[in-house]
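**Q** Predicted coordinates and the sequence they were generated for:
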Amino acid sequence: MFSFEEHKDDLILVGGCRPQKAQMEWVFANRLYNVRSNADLFVSRPGGFDNCPLPKFILIYEEGSFQKKHLFECLGAMQKTQQEMEGMGYENSHGAYITYVLGDEHQIPRSNIKKLIETRPPKTKKGKYDYSPMLITGEELGRYMKPTQKQADPLKLGYPLRVGTLFSGIGAFEEALKQLKVPHQIKFACDNGEIELVLLDDKDNRKAYLDLNRRVRKLDAAEKEKLNRYKNLINQRVEEIREYCYHLPTKEQRTRFVNDLYRRRNGNSQTGATF
């Protein structure tokens, strides 16, 4: 996002494009923005420039609706004759033009260019806007940028964030929340790293399995064999549950069944276990 504060001293050329003349389409096709040149004329044309400082950026907008707005870097400028402009497909050209070469486009915040134009005296007695190009600093233009809506502070929500993640463990999203001390609850994770289901009926067996699994790198041969037996029992139970879920008639029933397994694991269910 472009920061007008960082470019507060840079000159920005603000100019309109007439929708009825498809000027904006011409600008994008040629990567040029043109302003009438008054350098060689005895009488200045409305909206024209004499020799002027080269702007650092160019902001173009659609006259009337003010809906389309684009900010470009200005790479340079050159003067083109009426014949050259006509050769480039610019309709109804009159006299010479200063053409500014457009560079990269920058994303800008929500802006109120209409309010900027309204600061200028009306062009006619009927109150028609004066759309002639103007040079303005980044600081001045920044005053017409609408402030972005502030995001809610997770630390002040009053309730924990509910997190669902497709990757868990070190380097995962929830690890960042832990380090930032943001209150959160993991609702689901693809590898179930923090909501592991230990599908063993006996409470002592579950406790023994968890203890062995925590010390997996320090187990002796007998303990490794015991841990493998527990894992085989768990895998067998997983297959039984998968088969049972497969034969449930609806997706809602399968979801309810699996959710109930996790609730029982957390001690939140008052019902007895199906398995």
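**A** On my side now, so go ahead. Given the structure is predicted, the values throughout are model-derived calculations rather than measurements.

**Q** low-scoring stretches of the stretch 151-275 of the chain, by residue?
**A** Across the stretch 151-275 of the chain, the ranges flagged by pLDDT under 70 are 151-158, 166-172, 188-201, 262, 264-275.

**Q** Where do the helices of it begin and end?
**A** With helices called from DSSP state H, counting those that start in this stretch, the stretch 151-275 of the chain shows them at 173-180, 203-214, 221-246, 251-265.

**Q** what would those look like in CSV with mean neighbour count?
**A** Glycine gets a C-beta too; all of them are placed from N, C-alpha and C. Shown next, in CSV, are the helices of the stretch 151-275 of the chain (neighbours: other Cβ atoms under 10 Å):
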stretch, mean neighbour count
helix 173-180, 13
helix 203-214, 13
helix 221-246, 12
helix 251-265, 13
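
**Q** How about the secondary structure of His70?
**A** State at His70, reduced to three classes by DSSP: H, G, I helix; E, B strand; the rest coil: strand.

**Q** just use 29 as the starting number from now, easier for me
**A** Okay, residue one is now 29; in that scheme the one you just asked about reads as His98.

**Q** nearest to Ser31, of the helices of the stretch 179-303 of the chain?
**A** Smallest distance to Ser31 across these (Cβ to Cβ): 25.0 Å, for helix 201-208.

**Q** which residues touch the residue nearest to Tyr157 when sequence neighbours are not counted?
**A** Spatially, and ignoring its direct neighbours in sequence, Tyr157 is nearest to Ile145 (5.2 Å; Cβ to Cβ, 6 or more residues apart in numbering). Neighbouring residues of Ile145 by Cβ atoms under 8 Å, 6 or more residues apart in numbering: Phe94, Tyr157, Asp158, Tyr159.

**Q** and which of these is nearest Tyr272?
**A** Distance ranking of the contacts of Ile145 against Tyr272, using Cβ to Cβ, places Phe94 first at 61.8 Å.

**Q** residues in contact with that closest one?
**A** So Phe94 contacts Ile141, Lys142, Ile145 (Cβ under 8 Å, 6+ apart).

**Q** which one of those is nearest Asp230?
**A** Minimum distance to Asp230 across the contacts of Phe94 is 72.1 Å, recorded for Ile141 (Cβ to Cβ).

**Q** rewinding a little: so which of the contacts of Phe94 are in helices?
**A** Ile141, Lys142, Ile145 (DSSP state H).
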